[in-house]
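Q: What follows is a predicted protein model with its sequence.
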Amino acid sequence: MPIDGLATQLRKGVIEYCVLAMLKEAPLYGGEVIQLLRTKGQILVSEGTIYPLLSRLRSEGFVETEWRDTPTGAPRRYYRLSRSGQKAVADFRAERFRFRDSVNEIFPDGGRQK
Amino acid sequence: MTAVRANQLVHAYLLRLEIELADLPAAKRHEIVDEIRSHIAAERSAMVDESDAGLMNLLDRLGDPAEIAAEARSGEERRLPAAGLRRFRTLEVLTLALMLLAWPVGVVLLWASRAWSTREKVLGTLLPPGGYPGVLLVMSTFHWFVSMADAGPKWGQTAVGAVLFTVSLLLLAAPIGMCVYLATRMRVPSQQPGEVRGSPR
């Protein structure tokens, strides 16, 4: 039986870094972040939770925002990576490999079921 | 689906979200609700043919408002230590000010605080008791000594005057000195927002 909320727990610590990494490529608005995450499998379950997450990243200074006009509808709030956001992405990148290696040592088959 | 029914669905969803977010600061609540409202509007305008099921799927994908609120709240909790720290300091500064001006209230706050040890609290209470009102009370009794000394020999008057002058200086300095001492001994929580679980550093 899987541990209760296992996927949620695994996702929790990672998803904000995934969002930051996506914003490293280009500034995005919330809907685009959701669309991109939608193409990456089961990372995001409730899409609406991305908005409080983005809001938090902004309060914590990892992203900056600016309003941009759209040709059709209302202006959109775009999220852009700040300097400390860039540092957070770099830190996560380094830490991720160390973490993966440790997990792989404990699961020598790479965690895949044979 | 009629536009009225669709609007009702969206309105009900946003209302539930507002209610779930009620305990958050207003600015944060408005930011999240506004973003989700415009998300829904954008997704709806992208639908070729808006149907009941289509709109309900859209709201399903967004997730339960309670879940969104839980995510928002987890962000607020992370920042709580910083907010708590600020309140803490304000309270301690108030305590020290009241120790000088309204001693009984100041002492109650001093003993209620977790910023000082019991030893510091005892020292703060006894040296001197009463704050400046207490000091003034003690000094007014000096008049009595002075009037007694006036009746005695001249050397007695000089000695009593010198002693009272020194004691007065000490008494006047004591409350301020104790406040400075307590301010330096004050312990504030060292936890920073960044040290709390899981936030990107």
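A: Structure received.
Q: So, low pLDDT: which residues of chain A?
A: Low-confidence segments of chain A (pLDDT under 70): A:1-4, A:110-114.
Q: Report whether the biggest helix by length in it contacts chain B.
A: In chain A, taking DSSP state H as the definition, the longest helix is helix A:83-106. Yes: against chain B, helix A:83-106 shows contacts by CB under 8 Å from any CB of the partner chain at A:85, A:88, A:91-92. C-beta coordinates here come from the backbone N, C-alpha and C atoms, glycine included.
Q: Would you mark the buried spots in that helix?
A: Buried residues in helix A:83-106, counted by 16 or more other CB atoms under 10 Å in any protein chain shown: A:85, A:88-89, A:92.
Q: list the buried ones in the strand or helix carrying residue A:31?
A: If you go by DSSP states H and E, residue A:31 is part of helix A:30-38. Applying a neighbour-count criterion of 16+ other CB under 10 Å, one finds A:30-34, A:36-37 buried in helix A:30-38.
Q: likewise stretch B:177-189?
A: B:178-179, B:182, B:186.
Q: Heading C-terminal from the helix holding residue A:31, find the next helix or strand.
A: helix A:50-59.
Q: what element comes up after that next one heading to the C-terminus?
A: strand A:63-68.
Q: interface residues of chain A facing chain B?
A: So far as CB under 8 Å from any CB goes, chain A lies against chain B at A:12-13, A:16-17, A:20, A:30-31, A:34, A:45-49, A:51-57, A:59-60, A:62, A:72-74, A:76-77, A:85, A:88, A:91-92.
Q: and the angle from the helix or strand hosting residue B:5 to helix A:50-59?
A: Residue B:5 is part of helix B:3-20, with elements assigned from DSSP H and E. If you take axes from the mean of the first three to the mean of the last three CA atoms, to 10 degrees, helix B:3-20 sits at 50 degrees to helix A:50-59.
Q: State the number of residues packed around whichever residue of chain B sits closest to chain A.
A: Across chain B, the shortest distance to chain A (CB to the nearest CB) belongs to residue B:63, at 2.4 Å. Number of residues near residue B:63 (other CB atoms under 10 Å in any protein chain shown) recorded here: 18.
Q: try residue B:156
A: By other CB under 10 Å, the residues close to residue B:156 number 13.
Q: Look at residue B:22 and give its secondary structure.
A: coil (DSSP: H, G, I helix; E, B strand; the rest coil).
Q: How about the one 10 residues further on?
A: Using three-state DSSP, the three-state assignment for residue B:32 comes out as helix.
Q: correct me, but it touches residue A:53?
A: No: taking contacts as CB atoms under 8 Å, residue B:32 lies outside contact range of residue A:53: 10.0 Å.
Q: between these two, which one's more packed in?
A: residue B:32 (26 against 22).
Q: Name the nearest residue to the closest residue to chain B within chain A, ignoring sequence neighbours.
A: Nearest residue of chain A to chain B: residue A:46, at 2.4 Å (CB to the nearest CB). Closest residue to residue A:46 apart from its sequence neighbours, by CB to CB, 6 or more residues apart in numbering or on different chains: residue B:63 at 2.4 Å.
Q: I am finished for the moment; much appreciated.
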